[in-house]
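1. sequence? don't have it. structure:
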């Protein structure tokens with residue numbers, strides 16, 4: 001017996017629990033009023049189909065059986081034959097009598113159907129597990145319990161093997177993990193256990209194309225093409241709050257529901273556990289805040305597990321578990337008519353903007369009988385990734401394949417002065433890592449993205465290493481280098497929060513408060529602003545710079561800080577000839593002017609400071625210039 005626990009207890013007579021066919025059930029408990037009990041040999045071929053109980057007493061009962069998917073449960077005994085009804089949510093209730101098979105419940109993670117065995121070497125920490133069709137990947141977590149060996153052998157090893165481990169996949173039948181101490185005994189392909197596989201962590205780097213090196217190691221036959229499927233995209237999650245509860249899904253995969261009432265120690269369950277007609281998969285799940293519907297974008301239809309990337313389904317109002325459309329509820333569905341799949345949906349104060357790979361749509365609550373309506377706003381647009389759009393008030397900004405867009409009542413391209421800088425050094429294969437965010441306190445929207453310089457082909461980490469910012473209040477763009485994988489603006493938190501990746505050498509998997517203080521986590525923050533060249537009279541003549549009147553404020557600096565910054569002027573005489581720079585000009589909170597000597601057709605400046613506790617803001621500096629000929 002492997003992957004199944006069967007127990008029976010009683011008082012009189014004889015009862016036998018036989019012929020259990022279990023695929024999705026982790027444990028089955030039987031309790032009756034019979035004295036002697038025996039357990040048959042369970043077979044483990046696949047999904048739950050039958051649960052047969054054969055007893056030697058004319059009175060028998062099947063209590064409550066919870067299983068997904070549910071099927072008919074026959075009960076047979078001398079003089080008694082009955083068949084239990086299959087109920088919509090996988091709950092079967094039977095005939096009351098003196099014996100019972102009760103409370104068989106599927107767990108959060110389901111074991112595969114084949115028995116597993118262990119191989120250990122005494123004194124070695126390496127454990128090899130053989131479990132055909134386990135489906136796990138390197139880095140996944142497995143929980144092993146109830147380990148046993150024939151005739152009760154190796155009890156200490158059985159205790160030692162029970163626990164939670166991170167595995168290394170060798171192939172689809174074998175994986176390994178390490179013990180904290182050497183194995184107490186050595187065994188070869190022996191034992192049995194209950195095994196629970198955590199949801200796979202998925203990939204952290206997108207792979208593209210087919211052939212050698214594409215996809216995960218060992219997932220196909222030797223020499224076969226590695227055709228890219230959904231499993232070869234990076235693992236991304238979407239989530240939203242339904243009151244205090246959380247509804248979330250892996251992109252293009254299962255939807256889960258976590259109830260706050262059950263506490264942090266209780267895992268989320270599949271949404272279909274609560275509602276059999278709910279979508280089993282979706283590209284994105286969200287809550288419509290204005291009217292309190294749960295909405296699945298790119299969802300599976302009722303009665304199907306095949307994802308429709310243009311289908312939008314929504315639950316009844318204020319009910320996350322009612323997905324069957326009726327005359328008395330507001331559940332229903334819509335289908336987008338343009339594009340091949342929904343990429344991202346973003347909620348504004350008035351509507352939900354749904355962006356496909358080639359069009360933009362407005363989804364609005366319109367009430368009975370249709371609940372929601374969809375209208376197309378634009379076509380021939382693009383969007384780079386599933387987190388590329390961000391809403392600010394009633395406007396939505398997003399990064400496309402080679403340009404930026406804004407919706408503010410109409411969809412239009414967003415003029416960008418740094419467009420070439422961004423898209424000419426851009427790792428297209430990691431588009432799904434793009435993360436759009438807003439910093440409302442400073443009127444900014446921005447995108448973190450992976451540059452081609454940091455791609456795996458260039459020897460990089462393939463993580464976000466750059467950002468581009470649009471200041472919608474001043475209508476200017478700026479760029480920089482910073483690794484962040486996710487961002488959430490201030491709201492319930494006092495400061496914006498962002499995270500680093502596991503590949504970050506200095507600070508892996510760290511969550512940062514941004515805009516908090518003026519330093520870098522207690523260290524001086526090296527910050528600068530550098531302008532592009534500015535032509536004087538279209539660059540027709542030379543000009544000579546003699547003096548600068550700075551405009552720099554240090555008002556929010558710490559009282560003990562050294563309030564100064566450095567400004568460097570730069571001049572260019574001819575295109576593509578490089579720049580001549582002035583000497584560094586020190587500016588303090590008392591500086592009135594700086595003298596310098598610089599000649600060129602166009603000019604720029606750079607201001608910087610790395611003093612601890614210093615907050616500086618650049619205003620409108622002025623230069624004293626005079627014509628200086630055309631040669």
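-> Received, thanks. Remember, it's a predicted structure, so these values are computed and weren't measured experimentally.
2. now do residue 208, the pLDDT please.
-> Note on residue 208: pLDDT of 61.
3. repeat for residue 9
-> Listed pLDDT for residue 9 reads 34.
4. residue 378 touches residue 360, doesn't it?
-> Yes. Counting by C-beta atoms under 8 Å, residue 378 touches residue 360, with 4.5 Å between them. No exception for glycine: its C-beta is placed from N, CA and C like everyone else's.
5. now do the strands in the stretch 151-300 of the chain.
-> 163-166, 168-169, 174-178, 187-190, 192-197, 237-242, 245-250, 253-258, 269-270, 281-288, 293-299 (DSSP state E, counting those that start in this stretch).
6. residue 378 and residue 360 - which one has more neighbours?
-> Comparing residue 378 with residue 360 by other C-beta atoms under 10 Å, the one with more neighbours is residue 360, at 24 against 16.
7. which element, helix or strand, includes the more buried one?
-> Residue 360 is part of strand 359-367 when elements are defined by DSSP states H and E.
8. name every strand pairing with that strand and say which way it goes.
-> strand 352-356 (antiparallel), strand 371-379 (antiparallel) (DSSP bridges).
9. residue 404: which of the ones you listed is closest?
-> strand 352-356 (13.0 Å; C-beta to C-beta).
10. show me where the stretch 351-500 of the chain has its strands.
-> 352-356, 359-367, 371-379, 389-392, 395-399, 404-407, 411-414, 435-439, 444-449, 466-471, 476-481, 486-488, 497-499.
11. residue 619: which of the ones you listed is closest?
-> Residue 619 lies closest, by C-beta to C-beta, to one member of the strands of the stretch 351-500 of the chain: strand 476-481, at 14.5 Å.
12. ok, and for the closest one, which residues are buried?
-> Residues 477, 478 are the ones in strand 476-481 that count as buried (16 or more other C-beta atoms under 10 Å).
13. over to stretch 567-581?
-> 567, 568, 569, 570, 571, 572, 579.
14. list the contacts for residue 184?
-> 122, 154, 156, 157, 160 (C-beta atoms under 8 Å, 6 or more residues apart in numbering).
15. what subset of the residues you listed is buried?
-> Buried among the contacts of residue 184 by 16+ other C-beta under 10 Å: 154, 157, 160.
16. for this structure, which segments count as helices?
-> If DSSP state H is used as the criterion, the helices of the chain fall at 155-161, 271-274, 419-423.
17. how about those helices in TSV, adding distance to residue 328 and mean pLDDT?
-> Putting the helices of the chain into TSV (distance: least, C-beta to C-beta, whole Å; pLDDT from 0 to 100) gives the following:
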stretch	distance to residue 328	mean pLDDT
helix 155-161	54	96
helix 271-274	19	96
helix 419-423	51	97
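18. tell me which of the ones you listed sits nearest to residue 594.
-> Comparing those by C-beta to C-beta, helix 419-423 comes nearest, at 29.7 Å.
19. quick one: contacts of the closest one?
-> Contact with helix 419-423 is made by 402, 403, 404, 416, 449, 466, 468, 479, as judged by C-beta under 8 Å, 6+ apart.
20. of the contacts of residue 184, closest to residue 425?
-> The closest of the contacts of residue 184 to residue 425 turns out to be residue 160 (C-beta to C-beta; 51.9 Å).
21. that closest one and residue 187 touch, don't they?
-> No. Contact criterion C-beta under 8 Å: residue 160 and residue 187 do not qualify, at 11.4 Å.
22. where does the stretch 151-300 of the chain dip in pLDDT?
-> In the predicted model of the stretch 151-300 of the chain, residues 208-231 satisfy pLDDT under 70.
23. follow-up on the earlier one: so of the buried residues of stretch 567-581, which ones are in strands?
-> Filtering the buried residues of stretch 567-581 for membership in strands, criterion DSSP state E, returns 567, 568, 569, 570, 571, 572.
24. related to what we said a few turns ago, right, so the helices of the chain: which one is the most enclosed?
-> helix 271-274 (a mean of 21; mean count of other C-beta atoms under 10 Å).
25. returning to what we had before: what's the angle between the strand holding residue 360 and strand 395-399?
-> Relative orientation of strand 359-367 versus strand 395-399 (axes from the mean of the first three to the mean of the last three C-alpha atoms, to 10 degrees): 150 degrees.
26. which parts of strand 359-367 are buried?
-> By 16+ other C-beta under 10 Å, the buried positions in strand 359-367 come out as 359, 360, 361, 362, 363, 365.
27. give me the distance between residue 275 and residue 578.
-> Taken as C-beta to C-beta, to the nearest Å, the spacing of residue 275 relative to residue 578 amounts to 66 Å.
28. burial check on the nearest residue to residue 131 once chain neighbours are set aside, number of neighbours?
-> Using C-beta to C-beta, 6 or more residues apart in numbering and skipping residues adjacent in sequence, the residue nearest residue 131 is residue 116, 3.8 Å away. When neighbours are defined as other C-beta under 10 Å, residue 116 has 24 of them.
29. equivalent analysis for residue 126, please.
-> If you count neighbours by other C-beta under 10 Å, residue 126 ends up with 14.
30. I'd guessed residue 134 sits against residue 171; true?
-> No. Between residue 134 and residue 171 there is no contact under C-beta under 8 Å: 9.5 Å.
31. ok, residue 400 to residue 449 distance?
-> Applying C-beta to C-beta to residue 400 and residue 449 gives a distance of 12 Å.
32. among those two, which residue is more densely surrounded?
-> Each of residue 400 and residue 449 has its neighbours counted (other C-beta under 10 Å); residue 449 has more, 26 against 17.
33. residues contacting the more buried one?
-> Residue 449 touches 399, 422, 426, 427, 430, 433, 434, 464, 466, 467, 468, counting by C-beta under 8 Å, 6+ apart.
34. before we move on, what about residue 329?
-> Contact partners of residue 329, counting by C-beta under 8 Å, 6+ apart, are 316, 317, 319, 322.
35. and the closest residue to residue 583 other than its chain neighbours, how close does it get to residue 513?
-> With C-beta to C-beta, 6+ apart as the criterion, residue 583 has its nearest non-adjacent residue at 6.8 Å, and that residue is residue 596. Counting by C-beta to C-beta, the separation of residue 596 from residue 513 is 39 Å.
36. neighbour count for those two, which is higher?
-> Taking other C-beta under 10 Å, residue 596 and residue 513 do not tie; residue 596 has more neighbours (17 against 14).
37. give me the nearest residue to residue 379, chain neighbours excluded.
-> Counting by C-beta to C-beta, 6+ apart, the residue nearest residue 379 is residue 359, at 4.4 Å.
38. give the phi and psi angles for the spatially closest residue to residue 473 that is not a sequence neighbour, as a check.
-> Leaving aside its chain neighbours, residue 473 sits nearest to residue 443 (3.3 Å; criterion: C-beta to C-beta, 6+ apart). Main-chain torsions, residue 443, degrees, to the nearest 10: phi 70, psi 40.
39. what's the neighbour count on residue 443?
-> Neighbours around residue 443, by other C-beta under 10 Å: 14.
40. and what of residue 492?
-> Neighbour count of residue 492, defined by other C-beta under 10 Å: 5.
41. what sits against the residue nearest to residue 131?
-> 2, 3, 129, 130, 131, 134, 191, 192, 193, 195.
42. try 7 Å this time
-> By C-beta atoms under 7 Å, 6 or more residues apart in numbering, the residues touching residue 116 are 2, 129, 130, 131, 193, 195.
43. can you tell me the closest non-neighbouring residue to the fifth one?
-> What that stands for is residue 193. Residue 193 sits nearest to residue 147 (C-beta to C-beta, 6+ apart), 4.4 Å away.
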